[in-house]
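# Generate coordinates for the sequence data below:
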Amino acid sequence: MSIQLGPATLDQPVILAPMSGITDQPFRRLVRGFGVDVVVSEMIASAEQVRGSRLSNERTRWSPDEGLRVVQLAGCQAEPMALAARLNQDQGADVIDINMGCPVKKVVGGAAGSALMRDEDHALRLIDAVVGAVDLPVTLKMRTGWDLDQRNAPSLAARAARAGVKMITVHGRTRCQFYDGQADWDFIGKVTEAVNIPLIANGDVTCPEDAAAMLARSGAAGVMIGRGAFGRPWFPAQVRHFLATGEHLPDPDLAVQRETVVDHYRSILDHYGPGRGLRIARKHINRYLERLNVAKADRRAVLRQDESDQVVRQIIAAYDNAMAREAA
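Numbers count the residues shown, from 1 in each chain. As a prediction, this is how the structure comes out:
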């Protein structure tokens, strides 16, 4: 199914999921550079953005080469959601995505995220407010339901489609599952059957074959990749290539990976400033080195560094050691 989303036409898209603390501008640009259809902003609290908070402003920074600008909003009140949607439209967003899937206690405790799935009528009031506030496509991300006794995603998705939502993404777990167990790709298929708009499937894609199997079992129009891309920003492009050709695109060689990690590190420092950027970069560096099979103690030695040039030297050394092992 070809999807028209704002100014973009997407054929069986592969989308980078919104992940708080991960999909900031440096990471989105990195993933986009390897080749992927759409990247989505970190979740933005609508009320905070209306108040002009620093964090919200950071999360709405885009660069010209990021492609389609999809901004994800969270909230529990119609007016701030509408105001934030309109603000993002004015700032150049192409698509507004509504978060009804975040399982984090802080978000759910504020009656936002996946908590909204417990009250469909209230969820629809938020959807109506956002759809009515902007001239942009509005999309929705949700889970299968609150818990295994209340898996109401098909019902909520159908109501959202009638309200004017143009595309829906479903993560194949309930809120109460968090990220435990397995994503239920077959249940996502029930949501696909309930709507006449494109549906994107999300959850547990760790290799290209997973994406193909999820599409086959869910009947979805595309794939959203979240945690599978953390520490390997080239992975969504590999999935895209596999779905298009049936062929595996190998990982970049270690020299390219080394350059990618160093460039990512430096772009984080440029984006946030050297002090804060160094702290924010640690989770990314740890994940890269973990995937490189660097021992935990050696990773800690890198993460404890407070001098950016020394961090770069240690990253380079870790990859050089890996290349030497590979050549031996």
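
# Helices along the stretch 51-200 of the chain, start to end?
Counting by DSSP state H, counting those that start in this stretch, the stretch 51-200 of the chain has helices at residues 54-59, 78-90, 105-109, 120-133, 153-162, 185-194.

# Let me see the ranges of the strands in the stretch 151-300 of the chain.
Using DSSP state E, counting those that start in this stretch, the strands of the stretch 151-300 of the chain run over residues 167-174, 199-202, 222-225.

# what comes up buried for the last one?
Along strand 222-225, the positions that meet the burial threshold by neighbour count (16 or more other C-beta atoms under 10 Å) are 222-225. In short, each C-beta sits where N, CA and C put it, glycine included.

# quick one on the thing from earlier: possible to save the strands of the stretch 151-300 of the chain as a markdown table with distance to K105 and mean pLDDT?
A markdown table is the format used below for the strands of the stretch 151-300 of the chain (distance: least, C-beta to C-beta, whole Å; pLDDT from 0 to 100):
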| stretch | distance to K105 | mean pLDDT |
| --- | --- | --- |
| strand 167-174 | 15 | 97 |
| strand 199-202 | 21 | 98 |
| strand 222-225 | 23 | 97 |
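
# Not counting sequence-adjacent ones, nearest residue to N293?
In this structure, N293 finds its nearest non-sequential neighbour in A322, 7.7 Å apart by C-beta to C-beta, 6 or more residues apart in numbering.

# SS state for the one you found?
At A322 the chain is in helix, as set by DSSP: H, G, I helix; E, B strand; the rest coil.

# how many neighbours does it have?
When neighbours are counted by other C-beta atoms under 10 Å, A322 registers 17.

# repeat for D320
Neighbour count for D320, taken as other C-beta under 10 Å: 13.

# quick one: contacts for it?
For D320, the contact set (C-beta atoms under 8 Å, 6 or more residues apart in numbering) comprises R258.

# Output the below-cut-off pLDDT ranges for this protein.
Filtered on pLDDT under 70, the chain yields the residue ranges 1.

# Roughly how far does V294 sit from Q89?
V294 sits 44 Å away from Q89, going by C-beta to C-beta, to the nearest Å.

# Would you format the helices of the stretch 51-200 of the chain as JSON lines with mean neighbour count and distance to A47 included?
Listed next are the helices of the stretch 51-200 of the chain as JSON lines, based on neighbours: other C-beta atoms under 10 Å; distance: least, C-beta to C-beta, whole Å:
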{"stretch": "helix 54-59", "mean neighbour count": "15", "distance to A47": "9"}
{"stretch": "helix 78-90", "mean neighbour count": "20", "distance to A47": "4"}
{"stretch": "helix 105-109", "mean neighbour count": "13", "distance to A47": "12"}
{"stretch": "helix 120-133", "mean neighbour count": "19", "distance to A47": "12"}
{"stretch": "helix 153-162", "mean neighbour count": "20", "distance to A47": "22"}
{"stretch": "helix 185-194", "mean neighbour count": "20", "distance to A47": "29"}
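
# Turn those into TSV, including distance to Q305.
What follows is those, written out as TSV (distance: least, C-beta to C-beta, whole Å):
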stretch	distance to Q305
helix 54-59	24
helix 78-90	37
helix 105-109	30
helix 120-133	43
helix 153-162	45
helix 185-194	42
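
# nearest to Q310, of these?
Q310 sits nearest to helix 54-59 of all these, at 26.1 Å, using C-beta to C-beta.

# Show me what the closest one is packed up against.
Using 3 or more C-beta pairs under 8 Å, 6 or more residues apart in numbering; DSSP states H and E, the elements in contact with helix 54-59 are strand 44-45, helix 46-51.

# check contacts around the closest residue to R299 other than its chain neighbours.
The shortest distance from R299 to any non-neighbouring residue, by C-beta to C-beta, 6+ apart, is to L289 (4.8 Å). L289 sits next to 298-299, 302, 315, 318 when contact means C-beta under 8 Å, 6+ apart.

# still on that earlier bit, so can I have a markdown table of the strands of the stretch 151-300 of the chain showing distance to L269?
Shown next, in a markdown table, are the strands of the stretch 151-300 of the chain (distance: least, C-beta to C-beta, whole Å):
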| stretch | distance to L269 |
| --- | --- |
| strand 167-174 | 32 |
| strand 199-202 | 31 |
| strand 222-225 | 26 |
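
# Name the SS class of the nearest residue to V38 once chain neighbours are set aside, please.
Nearest non-adjacent residue to V38, counting by C-beta to C-beta, 6+ apart: I15, 4.4 Å away. When classified by three-state DSSP, I15 comes out as strand.

# Is it correct that L269 is in contact with R279?
No. Applying C-beta atoms under 8 Å, one finds L269 not in contact with R279, separated by 10.5 Å.

# And the strands of the stretch 151-300 of the chain: which comes nearest G33?
Nearest of the strands of the stretch 151-300 of the chain (C-beta to C-beta): strand 222-225, 15.6 Å.

# Give me the residues contacting the closest one.
By C-beta under 8 Å, 6+ apart, the list of residues contacting strand 222-225 reads 3, 10, 12-17, 37, 169, 198, 200-202, 205, 211, 214-215, 235-236, 239, 243.

# tell me which residues in stretch 204-216 are buried?
Buried residues in stretch 204-216 (16+ other C-beta under 10 Å): 204-205, 208, 210-212, 214-215.
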